[in-house]
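Q: 3D, please:
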Amino acid sequence: MWLTRRHSILKRSFPVRSFSLLNLSYYDGSERQREYTLAYLERMMKTMENMQEERFFDYERRKAKYDPKTGKIELLRFTLKPEKKIIKNFDDMQREKAELSKELKLSAKDVESASEDELAKRYEQLYERTEEGYLINRADFYAESIDKMRIDCGLIVQRPPIFLYQHKFDRDWLVFKNKITNEYDFDLKKYYKEIKEDASLMDSMFANNPYISLNNIDNLPSHEQKMPDGTVKRYCASSKHWKKVDPAVTDNKSLHYCAQQKIYLLLRNKYTGKWEFPSTAVFGTESFMEARKEFFATLSDNKWFVSHKNSMPIVSTLRPFTEHEKKDEKNVYLHGVRTYYFNAYHLRGLTDMCLEDTDWDDFVWASKADMNKYLCSRRFGIFNDILEHR
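A: Model prediction:
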(Lines give C-alpha, C1' and ligand atoms only; values in the text may rest on other atoms or scores of the structure.)
Protein backbone atom coordinates (compact mmCIF):
# COMPACT_ATOMS: atom_id res chain seq x y z
CA MET A 1 0.00 0.00 0.00
CA TRP A 2 2.74 2.46 1.04
CA LEU A 3 4.75 1.59 -2.07
CA THR A 4 1.87 2.37 -4.39
CA ARG A 5 1.18 5.62 -2.55
CA ARG A 6 4.80 6.80 -2.82
CA HIS A 7 4.72 5.92 -6.50
CA SER A 8 1.63 8.07 -7.08
CA ILE A 9 3.16 11.02 -5.17
CA LEU A 10 6.37 10.82 -7.15
CA LYS A 11 4.55 10.53 -10.44
CA ARG A 12 2.63 13.76 -9.76
CA SER A 13 5.53 15.75 -8.35
CA PHE A 14 8.37 14.47 -10.54
CA PRO A 15 6.93 13.81 -14.02
CA VAL A 16 9.89 12.48 -16.01
CA ARG A 17 9.68 10.11 -18.93
CA SER A 18 12.10 7.59 -17.44
CA PHE A 19 9.80 7.11 -14.45
CA SER A 20 7.23 5.45 -16.71
CA LEU A 21 9.60 2.47 -16.96
CA LEU A 22 8.69 1.63 -13.40
CA ASN A 23 5.21 0.15 -13.66
CA LEU A 24 4.08 -1.19 -10.28
CA SER A 25 0.99 -2.80 -11.74
CA TYR A 26 3.24 -5.71 -12.83
CA TYR A 27 4.89 -6.06 -9.43
CA ASP A 28 5.16 -9.85 -8.85
CA GLY A 29 6.48 -9.74 -5.29
CA SER A 30 9.94 -11.17 -6.03
CA GLU A 31 12.77 -10.13 -3.73
CA ARG A 32 15.00 -8.89 -6.57
CA GLN A 33 12.32 -6.69 -8.07
CA ARG A 34 11.41 -5.40 -4.63
CA GLU A 35 15.01 -4.32 -3.93
CA TYR A 36 15.30 -2.66 -7.33
CA THR A 37 12.03 -0.81 -6.84
CA LEU A 38 12.99 0.46 -3.37
CA ALA A 39 16.41 1.62 -4.57
CA TYR A 40 14.88 3.45 -7.51
CA LEU A 41 12.31 5.17 -5.30
CA GLU A 42 14.92 6.20 -2.75
CA ARG A 43 17.08 7.72 -5.49
CA MET A 44 14.12 9.66 -6.83
CA MET A 45 13.19 10.90 -3.36
CA LYS A 46 16.73 12.15 -2.76
CA THR A 47 16.64 13.95 -6.10
CA MET A 48 13.40 15.65 -5.09
CA GLU A 49 14.81 16.67 -1.70
CA ASN A 50 17.87 18.19 -3.34
CA MET A 51 15.70 20.14 -5.75
CA GLN A 52 13.43 21.43 -2.99
CA GLU A 53 16.20 22.63 -0.70
CA GLU A 54 17.82 26.01 -1.21
CA ARG A 55 21.09 25.43 -3.02
CA PHE A 56 23.74 27.67 -4.49
CA PHE A 57 24.10 27.10 -8.21
CA ASP A 58 27.32 29.03 -8.83
CA TYR A 59 28.80 26.88 -11.55
CA GLU A 60 32.12 28.64 -11.94
CA ARG A 61 35.40 27.29 -13.21
CA ARG A 62 37.59 25.97 -10.42
CA LYS A 63 40.76 27.95 -9.82
CA ALA A 64 44.11 26.17 -9.57
CA LYS A 65 47.63 27.04 -8.49
CA TYR A 66 50.59 25.75 -10.51
CA ASP A 67 54.07 25.30 -9.07
CA PRO A 68 56.64 25.42 -11.92
CA LYS A 69 59.43 23.90 -9.75
CA THR A 70 57.60 20.75 -8.73
CA GLY A 71 55.09 20.66 -11.58
CA LYS A 72 52.19 20.11 -9.17
CA ILE A 73 48.76 21.61 -9.66
CA GLU A 74 46.80 22.47 -6.53
CA LEU A 75 43.05 23.09 -6.76
CA LEU A 76 42.04 26.08 -4.68
CA ARG A 77 39.22 25.70 -2.24
CA PHE A 78 35.87 26.87 -3.56
CA THR A 79 34.28 29.62 -1.48
CA LEU A 80 30.76 30.90 -1.91
CA LYS A 81 30.55 34.55 -2.83
CA PRO A 82 28.52 36.85 -0.59
CA GLU A 83 25.09 37.86 -1.76
CA LYS A 84 25.01 40.95 -3.94
CA LYS A 85 23.25 44.11 -2.89
CA ILE A 86 20.24 44.86 -5.08
CA ILE A 87 20.11 48.40 -6.49
CA LYS A 88 16.38 49.05 -6.78
CA ASN A 89 16.34 52.68 -7.86
CA PHE A 90 18.49 55.71 -8.59
CA ASP A 91 18.60 56.78 -4.92
CA ASP A 92 20.19 53.46 -3.96
CA MET A 93 22.76 53.92 -6.71
CA GLN A 94 23.69 57.43 -5.55
CA ARG A 95 24.01 56.30 -1.93
CA GLU A 96 26.24 53.31 -2.76
CA LYS A 97 28.31 55.46 -5.10
CA ALA A 98 28.95 58.01 -2.36
CA GLU A 99 29.98 55.28 0.10
CA LEU A 100 32.36 53.65 -2.37
CA SER A 101 33.88 57.00 -3.35
CA LYS A 102 34.52 57.80 0.31
CA GLU A 103 35.95 54.36 1.07
CA LEU A 104 38.23 54.20 -1.98
CA LYS A 105 39.17 57.90 -1.79
CA LEU A 106 37.74 58.90 -5.15
CA SER A 107 36.44 62.35 -4.26
CA ALA A 108 37.52 65.37 -6.30
CA LYS A 109 40.24 66.41 -3.79
CA ASP A 110 41.65 62.89 -3.48
CA VAL A 111 41.80 62.45 -7.24
CA GLU A 112 43.78 65.67 -7.70
CA SER A 113 46.41 64.75 -5.10
CA ALA A 114 46.83 61.08 -6.11
CA SER A 115 49.27 59.76 -8.69
CA GLU A 116 48.28 57.95 -11.86
CA ASP A 117 49.29 54.53 -10.51
CA GLU A 118 47.25 55.02 -7.34
CA LEU A 119 44.22 56.17 -9.32
CA ALA A 120 44.51 53.14 -11.60
CA LYS A 121 44.49 50.79 -8.58
CA ARG A 122 41.54 52.60 -7.01
CA TYR A 123 39.46 52.49 -10.18
CA GLU A 124 40.33 48.82 -10.61
CA GLN A 125 39.06 48.17 -7.09
CA LEU A 126 35.95 50.21 -7.85
CA TYR A 127 35.24 48.07 -10.92
CA GLU A 128 35.69 44.82 -8.99
CA ARG A 129 33.52 45.98 -6.12
CA THR A 130 30.80 47.15 -8.49
CA GLU A 131 30.75 43.95 -10.56
CA GLU A 132 30.92 41.51 -7.66
CA GLY A 133 29.01 43.34 -4.95
CA TYR A 134 25.93 44.80 -6.63
CA LEU A 135 22.99 43.58 -8.67
CA ILE A 136 21.11 46.34 -10.52
CA ASN A 137 17.36 45.99 -11.01
CA ARG A 138 17.13 46.95 -14.69
CA ALA A 139 13.34 47.35 -14.54
CA ASP A 140 13.75 50.80 -12.94
CA PHE A 141 16.46 52.09 -15.30
CA TYR A 142 16.38 53.07 -18.94
CA ALA A 143 17.70 50.67 -21.53
CA GLU A 144 20.97 51.89 -23.00
CA SER A 145 23.09 51.07 -26.02
CA ILE A 146 26.76 50.15 -25.96
CA ASP A 147 27.69 53.79 -26.66
CA LYS A 148 25.72 54.98 -23.59
CA MET A 149 22.71 56.29 -25.49
CA ARG A 150 19.22 55.95 -24.06
CA ILE A 151 17.07 53.65 -26.20
CA ASP A 152 13.63 54.98 -27.14
CA CYS A 153 10.81 53.34 -29.07
CA GLY A 154 8.88 55.47 -31.58
CA LEU A 155 5.59 54.87 -33.39
CA ILE A 156 4.68 55.99 -36.91
CA VAL A 157 0.90 55.66 -36.64
CA GLN A 158 -0.74 55.81 -40.05
CA ARG A 159 -4.09 55.52 -41.77
CA PRO A 160 -4.21 54.05 -45.30
CA PRO A 161 -5.87 55.91 -48.21
CA ILE A 162 -9.66 55.61 -48.31
CA PHE A 163 -10.30 56.75 -51.90
CA LEU A 164 -8.47 55.66 -55.03
CA TYR A 165 -7.04 58.93 -56.27
CA GLN A 166 -4.93 59.40 -59.37
CA HIS A 167 -3.10 62.50 -60.51
CA LYS A 168 -3.52 63.81 -64.04
CA PHE A 169 -0.16 62.35 -64.99
CA ASP A 170 -1.31 58.86 -63.86
CA ARG A 171 -4.58 59.14 -65.80
CA ASP A 172 -2.79 60.30 -68.96
CA TRP A 173 -0.34 57.43 -68.65
CA LEU A 174 -3.16 54.86 -68.45
CA VAL A 175 -4.81 56.35 -71.57
CA PHE A 176 -1.50 56.33 -73.47
CA LYS A 177 -0.74 52.76 -72.34
CA ASN A 178 -4.16 51.58 -73.48
CA LYS A 179 -3.68 53.27 -76.86
CA ILE A 180 -0.28 51.63 -77.43
CA THR A 181 -1.67 48.23 -76.39
CA ASN A 182 -4.58 48.46 -78.85
CA GLU A 183 -2.34 49.63 -81.68
CA TYR A 184 0.59 47.25 -81.42
CA ASP A 185 -0.67 44.29 -79.43
CA PHE A 186 -4.39 43.55 -79.55
CA ASP A 187 -7.64 45.44 -79.26
CA LEU A 188 -9.31 44.83 -75.91
CA LYS A 189 -12.66 45.99 -77.28
CA LYS A 190 -13.01 42.73 -79.22
CA TYR A 191 -12.93 40.77 -75.99
CA TYR A 192 -14.97 43.19 -73.89
CA LYS A 193 -17.94 40.84 -73.72
CA GLU A 194 -15.85 37.96 -72.36
CA ILE A 195 -14.10 40.22 -69.87
CA LYS A 196 -17.43 41.53 -68.64
CA GLU A 197 -18.75 38.01 -68.12
CA ASP A 198 -15.66 37.03 -66.12
CA ALA A 199 -15.89 40.18 -64.02
CA SER A 200 -19.53 39.46 -63.19
CA LEU A 201 -18.48 36.25 -61.46
CA MET A 202 -17.03 38.26 -58.60
CA ASP A 203 -19.59 39.32 -55.98
CA SER A 204 -17.89 42.59 -55.19
CA MET A 205 -14.51 44.16 -55.73
CA PHE A 206 -14.60 45.05 -52.03
CA ALA A 207 -15.33 41.48 -50.90
CA ASN A 208 -12.05 41.26 -49.01
CA ASN A 209 -12.30 44.76 -47.54
CA PRO A 210 -12.77 44.43 -43.75
CA TYR A 211 -14.42 47.86 -43.57
CA ILE A 212 -17.41 47.02 -45.77
CA SER A 213 -19.06 44.72 -43.22
CA LEU A 214 -21.83 46.17 -41.06
CA ASN A 215 -20.47 44.06 -38.21
CA ASN A 216 -17.55 46.45 -38.07
CA ILE A 217 -18.50 48.89 -35.29
CA ASP A 218 -16.55 51.67 -37.04
CA ASN A 219 -19.28 51.70 -39.72
CA LEU A 220 -21.91 52.62 -37.13
CA PRO A 221 -22.80 56.34 -36.76
CA SER A 222 -20.78 58.14 -34.10
CA HIS A 223 -22.19 61.69 -34.59
CA GLU A 224 -25.59 63.07 -35.45
CA GLN A 225 -26.90 66.55 -36.12
CA LYS A 226 -30.50 67.77 -36.22
CA MET A 227 -31.15 69.95 -39.25
CA PRO A 228 -33.55 72.97 -39.34
CA ASP A 229 -36.10 70.97 -41.35
CA GLY A 230 -36.29 68.33 -38.59
CA THR A 231 -34.22 65.66 -40.30
CA VAL A 232 -31.27 64.05 -38.52
CA LYS A 233 -27.99 63.49 -40.29
CA ARG A 234 -25.62 60.84 -38.99
CA TYR A 235 -21.93 60.44 -39.67
CA CYS A 236 -19.42 57.61 -39.07
CA ALA A 237 -16.34 59.50 -37.92
CA SER A 238 -14.20 56.39 -37.37
CA SER A 239 -15.12 54.50 -40.56
CA LYS A 240 -12.62 53.89 -43.34
CA HIS A 241 -15.16 52.66 -45.89
CA TRP A 242 -15.39 54.96 -48.89
CA LYS A 243 -19.21 55.03 -48.87
CA LYS A 244 -19.29 56.45 -45.35
CA VAL A 245 -16.52 59.04 -45.63
CA ASP A 246 -16.80 62.67 -46.69
CA PRO A 247 -13.97 63.37 -49.18
CA ALA A 248 -14.11 67.13 -48.47
CA VAL A 249 -12.99 66.93 -44.79
CA THR A 250 -10.35 69.59 -44.04
CA ASP A 251 -10.03 69.10 -40.26
CA ASN A 252 -6.52 67.76 -39.65
CA LYS A 253 -7.63 66.19 -36.35
CA SER A 254 -10.15 63.98 -38.13
CA LEU A 255 -9.35 60.46 -39.28
CA HIS A 256 -10.93 61.37 -42.65
CA TYR A 257 -8.52 64.21 -43.34
CA CYS A 258 -6.91 63.92 -46.79
CA ALA A 259 -8.78 60.70 -47.58
CA GLN A 260 -7.03 60.27 -50.95
CA GLN A 261 -3.59 59.84 -49.33
CA LYS A 262 -1.96 58.09 -46.42
CA ILE A 263 -1.78 60.24 -43.28
CA TYR A 264 0.42 60.05 -40.17
CA LEU A 265 -0.02 61.02 -36.53
CA LEU A 266 2.14 63.87 -35.21
CA LEU A 267 2.34 65.20 -31.63
CA ARG A 268 3.56 68.59 -30.41
CA ASN A 269 6.10 68.52 -27.60
CA LYS A 270 4.96 70.93 -24.89
CA TYR A 271 8.53 71.55 -23.69
CA THR A 272 10.17 72.26 -27.05
CA GLY A 273 7.11 73.33 -29.09
CA LYS A 274 8.20 71.07 -31.98
CA TRP A 275 6.11 68.50 -33.83
CA GLU A 276 7.37 64.92 -33.77
CA PHE A 277 6.35 61.31 -34.06
CA PRO A 278 5.42 59.88 -30.64
CA SER A 279 8.16 58.01 -28.79
CA THR A 280 8.86 56.70 -25.29
CA ALA A 281 11.84 55.50 -23.29
CA VAL A 282 12.39 51.75 -23.03
CA PHE A 283 13.25 50.28 -19.63
CA GLY A 284 15.89 47.63 -19.11
CA THR A 285 13.62 44.60 -18.90
CA GLU A 286 11.15 45.64 -21.63
CA SER A 287 11.06 44.39 -25.19
CA PHE A 288 10.24 46.72 -28.07
CA MET A 289 6.82 45.09 -28.54
CA GLU A 290 5.93 45.52 -24.85
CA ALA A 291 7.06 49.14 -24.90
CA ARG A 292 5.05 49.88 -28.08
CA LYS A 293 1.81 48.38 -26.78
CA GLU A 294 2.02 49.93 -23.33
CA PHE A 295 2.97 53.34 -24.73
CA PHE A 296 0.12 53.47 -27.22
CA ALA A 297 -2.37 52.27 -24.59
CA THR A 298 -1.34 55.30 -22.52
CA LEU A 299 -1.75 57.71 -25.44
CA SER A 300 -5.12 56.38 -26.62
CA ASP A 301 -6.48 55.48 -23.18
CA ASN A 302 -7.59 52.21 -24.85
CA LYS A 303 -10.30 54.10 -26.78
CA TRP A 304 -8.88 53.23 -30.19
CA PHE A 305 -6.49 50.58 -31.41
CA VAL A 306 -3.68 50.07 -33.86
CA SER A 307 -2.05 47.01 -35.38
CA HIS A 308 1.65 46.38 -34.67
CA LYS A 309 2.78 44.24 -37.57
CA ASN A 310 6.46 45.01 -38.05
CA SER A 311 8.94 43.37 -35.70
CA MET A 312 11.87 45.39 -37.08
CA PRO A 313 12.28 49.18 -36.97
CA ILE A 314 12.12 51.09 -40.25
CA VAL A 315 14.42 53.96 -39.21
CA SER A 316 16.52 55.10 -36.26
CA THR A 317 17.57 58.59 -35.17
CA LEU A 318 20.08 60.18 -32.81
CA ARG A 319 19.54 63.37 -30.83
CA PRO A 320 20.83 65.09 -27.69
CA PHE A 321 18.77 65.43 -24.53
CA THR A 322 16.34 68.32 -24.26
CA GLU A 323 16.51 70.69 -21.31
CA HIS A 324 13.58 68.91 -19.71
CA GLU A 325 15.20 65.47 -20.15
CA LYS A 326 18.45 66.66 -18.59
CA LYS A 327 16.58 67.14 -15.29
CA ASP A 328 15.79 63.41 -15.17
CA GLU A 329 18.26 61.72 -12.80
CA LYS A 330 18.15 58.50 -14.80
CA ASN A 331 19.74 60.31 -17.77
CA VAL A 332 22.80 61.51 -15.83
CA TYR A 333 25.17 58.83 -17.13
CA LEU A 334 23.77 58.80 -20.67
CA HIS A 335 24.88 60.92 -23.63
CA GLY A 336 21.70 61.24 -25.70
CA VAL A 337 18.76 59.39 -27.22
CA ARG A 338 18.74 56.71 -29.90
CA THR A 339 15.15 56.20 -31.14
CA TYR A 340 13.93 53.22 -33.17
CA TYR A 341 10.68 53.86 -35.07
CA PHE A 342 8.12 51.17 -35.88
CA ASN A 343 5.05 51.22 -38.12
CA ALA A 344 1.59 51.10 -36.52
CA TYR A 345 -1.66 50.97 -38.51
CA HIS A 346 -5.02 52.34 -37.39
CA LEU A 347 -7.34 49.41 -36.70
CA ARG A 348 -10.49 50.45 -34.83
CA GLY A 349 -11.98 53.37 -32.96
CA LEU A 350 -12.37 57.13 -32.97
CA THR A 351 -8.98 58.81 -32.64
CA ASP A 352 -9.31 60.64 -29.33
CA MET A 353 -5.94 61.33 -27.71
CA CYS A 354 -5.25 61.27 -23.97
CA LEU A 355 -2.32 63.69 -23.62
CA GLU A 356 -2.63 64.48 -19.91
CA ASP A 357 0.51 63.72 -17.91
CA THR A 358 2.52 63.29 -21.12
CA ASP A 359 5.18 65.34 -22.91
CA TRP A 360 2.73 66.49 -25.60
CA ASP A 361 -0.18 68.92 -25.69
CA ASP A 362 -1.61 68.66 -29.23
CA PHE A 363 -1.90 66.28 -32.18
CA VAL A 364 -2.61 66.41 -35.93
CA TRP A 365 -2.95 64.01 -38.84
CA ALA A 366 -0.64 64.98 -41.68
CA SER A 367 0.12 63.60 -45.14
CA LYS A 368 3.59 63.36 -46.58
CA ALA A 369 2.99 66.60 -48.50
CA ASP A 370 2.23 68.37 -45.18
CA MET A 371 5.34 67.21 -43.34
CA ASN A 372 7.39 70.27 -44.28
CA LYS A 373 4.84 72.41 -42.40
CA TYR A 374 5.40 70.57 -39.12
CA LEU A 375 8.81 68.86 -39.05
CA CYS A 376 12.09 70.72 -38.83
CA SER A 377 14.51 70.44 -41.74
CA ARG A 378 16.61 67.78 -40.01
CA ARG A 379 13.67 65.52 -39.18
CA PHE A 380 12.09 66.13 -42.57
CA GLY A 381 15.25 64.92 -44.28
CA ILE A 382 15.23 61.73 -42.19
CA PHE A 383 11.56 60.76 -42.56
CA ASN A 384 10.86 62.03 -46.07
CA ASP A 385 12.38 58.94 -47.68
CA ILE A 386 10.43 56.38 -45.63
CA LEU A 387 6.97 58.01 -45.72
CA GLU A 388 4.53 57.30 -48.56
CA HIS A 389 1.88 59.32 -50.36
CA ARG A 390 -0.46 56.34 -50.83
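Q: quick one: the nearest residue to K63 once chain neighbours are set aside and R129, what's the gap?
A: Setting aside the residues directly before and after it, K63 is nearest to L76 in space (Cβ to Cβ, 6 or more residues apart in numbering), at 4.5 Å. Using the backbone N, CA and C atoms, a C-beta is placed for each residue, glycine as well. In this view, L76 and R129 are 21 Å apart by Cβ to Cβ, to the nearest Å.
Q: Which one's more surrounded, those two?
A: Neighbour totals were compared for L76 and R129, and R129 leads with 14 against 9 (other Cβ atoms under 10 Å).
Q: burial count for the residue lying closest to C258 once chain neighbours are set aside?
A: Spatial nearest neighbour of C258, chain neighbours left out: S367 (4.7 Å); criterion: Cβ to Cβ, 6+ apart. Residues near S367, counting by other Cβ under 10 Å, number 19.
Q: Show the average pLDDT along the strand ranked longest in the chain.
A: Within the chain, and with DSSP state E defining each element, the longest strand by residue count is strand 337-348. Across strand 337-348, the average pLDDT comes to 93.
Q: how far out from the middle of the chain is whatever helix or strand comes next after that strand?
A: Where DSSP states H and E defines the elements, the next helix or strand beyond strand 337-348 is strand 360-367. How far strand 360-367 lies from its chain's middle: 22 Å, per Cα atoms, centre = their mean, to the nearest Å.
Q: Would you check that R379 makes contact with E276?
A: Yes: in this structure, R379 is within contact of E276 by Cβ atoms under 8 Å, at 7.0 Å.
Q: And those two? Which one has more around it.
A: E276 (21 against 17).
Q: Poorly predicted segments of the stretch 101-250 of the chain, please.
A: Residues of the stretch 101-250 of the chain meeting the criterion pLDDT under 70: 185-215.
Q: can you give me the helices for it?
A: 108-113, 116-133, 168-184, 192-199 (DSSP state H, counting those that start in this stretch).
Q: Most tightly packed of these?
A: Of all the helices of the stretch 101-250 of the chain, helix 116-133 carries the top mean neighbour count, a mean of 12, counting by mean count of other Cβ atoms under 10 Å.
Q: Show me what that helix is packed up against.
A: Helix 116-133 is packed against helix 90-103, with contacts defined by 3 or more Cβ pairs under 8 Å, 6 or more residues apart in numbering; DSSP states H and E.
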